[in-house]
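Student: Return a 3D structure for these sequence lines:
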Amino acid sequence: MIIGESDKYLFEQMSVPKAVMTLAIPTIISQVVTMIYNLADTFFIGQLGNPGMVAAVSSVSPWFNLLTALSNLFGLGASSLISRFMGAGRTGDIKYVSSFSIWAGVVVTALFSILSYLFREPLLAFLGASADTYAYAESYLFWVVCIGGIPTMVSLALGHLLRSEGHARQSSTGMMFGGILNVLLDPVFIFIFGMGVAGAAIATMLSNALSVVFFAVTYLRLGDKTAVSFSPRVFTFRFMGDVFSVGLASALATALGNASNMTMVHLASAYGDITVAAYGIVKRIDQLPLNVSMGLCQGFMPLVGYNYASGDYKRMRSISVFSWVAAMIMSLCFVLIFEVFSPMILRLFIREDATSTLGAMFLRIACIAVPFTSINFLISYTLQAMGKGLQSAILTSCRQGLLNIPLLIIMDVIIGLYGMIWTQLVVELIMLPVSLGMYVHTFKQLGRK
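Tutor: Model prediction:
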């Protein structure tokens, strides 16, 4: 693969706002569509008016989201390395990186799915499934994780790999295809076939499987415009350390974030199924601004990685700062919308009064943390794009592991239910100066090179 003039112009000369938006807008759109299809299960099941069903999906969702952690470990880690290889002119090594990321990811995900099935009873008990919601939760886990684990991981990883070479439009189209398909299939399986929670899970599994097919066809059409290869013949562990050095930080962020959600759901289950259902809905809605920030992150990472590898640190820093400002503006808009319209938003998802009223109060508290979470996110992803996986992992571990989980437990004991909802804001405010300090220190070291 030879980097084309248009790609070279995008990475090296195009104005920073235009370059970021060129790659970020498609990824933001795909992230929003992905979020919508994640919301679809909760939304359509909520129309059945059964808080127990919503609580079951809410209980399993953090475990299902660990598949995103696996896709980040292999796909995002490989994506960052591929972008840096392009900037350094090492396109010949890309085929080894991509083959490793997909095949190793498939094996690890298969193991994850098998273990989830074998230990489903203690797992679901830990996740907060009650006697009333266990059957629903078991059905949802079986279809989206045990059967749908591999296609979910592979579809996400393929999107990352496409984006790493600047094919943001194709990557986003594939993600949107799966998302839109899930939204269309959900009501068919839930209402027309009368399958309820199992129908929502089957729709999700099929959508991700067909998304993999879409990406496979896309790569065939790209031909020599991509250096990515999925041939087992070029599989090697040669670049495993380089992939994991970045991917582990992102996977850790996702895994610890879901561990926090599992802890929150587990603690909330002591307050009843309605509380779990309300929190589950709010967590899905609250993901919208974070998904926008995530799309921005995934859009600017190839630019940051390329310019870091080529030594253009000034352009790399301009890309980062512009992205932070854009994320802050978008986040503040979401906070305003959620604060004003939270009761109406919750009523869209479930018309049961107790759940929607409690959820509206949760949303108004939870959304305040969004701007600070976005900035901490973007700093971590900037470090990952530069290959600074250790620094990013330290920030992530502090945010989601050392602070969030212990604080959830402490706030529950001291304040109670609402204390847990305030926890995320407290964590982000503590971590913001730490993240900024890490970023400034890293750039000072670059200045000495």
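
Student: rest of the way, CA atoms for contacts and neighbours
Tutor: Noted.

Student: I'd like the average pLDDT over stretch 425-445.
Tutor: For stretch 425-445, mean pLDDT is 88.

Student: low pLDDT regions in the stretch 301-449 of the chain?
Tutor: 447-449 (pLDDT under 70).

Student: Then the stretch 151-300 of the chain?
Tutor: Using pLDDT under 70, nothing in the stretch 151-300 of the chain is flagged.

Student: residues near the closest residue to Leu446 other than its chain neighbours, how many?
Tutor: Of all residues not flanking Leu446 in the chain, Tyr313 sits nearest, at 7.8 Å (CA to CA, 6 or more residues apart in numbering). By other CA atoms under 10 Å, the residues close to Tyr313 number 16.

Student: Tyr313 contacts Leu303, correct?
Tutor: No - contact criterion CA atoms under 8 Å: Tyr313 and Leu303 do not qualify, at 11.1 Å.

Student: Could you give the number of residues near Arg84?
Tutor: Applying other CA under 10 Å, we find 28 residues neighbouring Arg84.

Student: Spit out the contact partners of it.
Tutor: With contact set as CA atoms under 8 Å, 6 or more residues apart in numbering, Arg84 has these partners: Pro302, Gly305, Tyr306, Tyr308, Ala309.

Student: and which of those is nearest to Met35?
Tutor: The closest of these to Met35 turns out to be Pro302 (CA to CA; 22.2 Å).

Student: Run a quick neighbour tally on the closest one.
Tutor: 30.

Student: What separation do you get for it and Met86?
Tutor: From Pro302 across to Met86, the span is 9 Å (CA to CA, to the nearest Å).

Student: so what's in contact with the two at the same time?
Tutor: Counting by CA under 8 Å, 6+ apart, the residues touching both Pro302 and Met86 are Glu165.

Student: I figured Leu403 hits Val426, correct?
Tutor: No - using CA under 8 Å, Leu403 is not in contact with Val426; the gap is 9.2 Å.

Student: which residue sits closest to the most centrally placed residue in the chain in space, ignoring its chain neighbours?
Tutor: Centroid check for the chain by CA atoms, centre = their mean gives Thr68 as the closest residue, at 5.8 Å. If the residues on either side of it in the chain are set aside, Thr68 comes closest to Met153, at 6.5 Å by CA to CA, 6+ apart.

Student: Pull the number of nearby residues for that neighbour.
Tutor: Met153 has 28 nearby residues by other CA under 10 Å.

Student: Ok, Trp422 next?
Tutor: With other CA under 10 Å as criterion, Trp422 counts 20.

Student: In terms of helices and strands, where is it?
Tutor: Assigned by DSSP states H and E, Trp422 belongs to helix 417-447.

Student: Can you point out the buried residues in stretch 69-89?
Tutor: 69-88 (16 or more other CA atoms under 10 Å).

Student: Alpha carbons of it, as CSV, please.
Tutor: C-alpha atoms of stretch 69-89 as CSV (Å, rounded to 0.1, in the frame of the first residue of the first chain):
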residue,chain,number,x,y,z
ALA,A,69,-13.1,-3.8,25.9
LEU,A,70,-11.9,-6.8,23.9
SER,A,71,-12.4,-5.0,20.6
ASN,A,72,-10.4,-2.0,22.0
LEU,A,73,-7.6,-4.3,23.2
PHE,A,74,-7.1,-5.9,19.8
GLY,A,75,-8.7,-3.4,17.4
LEU,A,76,-8.0,0.0,18.8
GLY,A,77,-4.5,-1.1,19.9
ALA,A,78,-3.8,-2.3,16.3
SER,A,79,-5.4,0.9,14.9
SER,A,80,-3.0,3.2,16.8
LEU,A,81,0.0,1.1,15.8
ILE,A,82,-1.1,1.1,12.1
SER,A,83,-1.5,4.9,12.0
ARG,A,84,2.0,5.3,13.5
PHE,A,85,3.4,2.8,11.0
MET,A,86,1.8,4.9,8.2
GLY,A,87,3.4,8.1,9.6
ALA,A,88,6.8,6.3,9.8
GLY,A,89,6.5,4.8,6.3
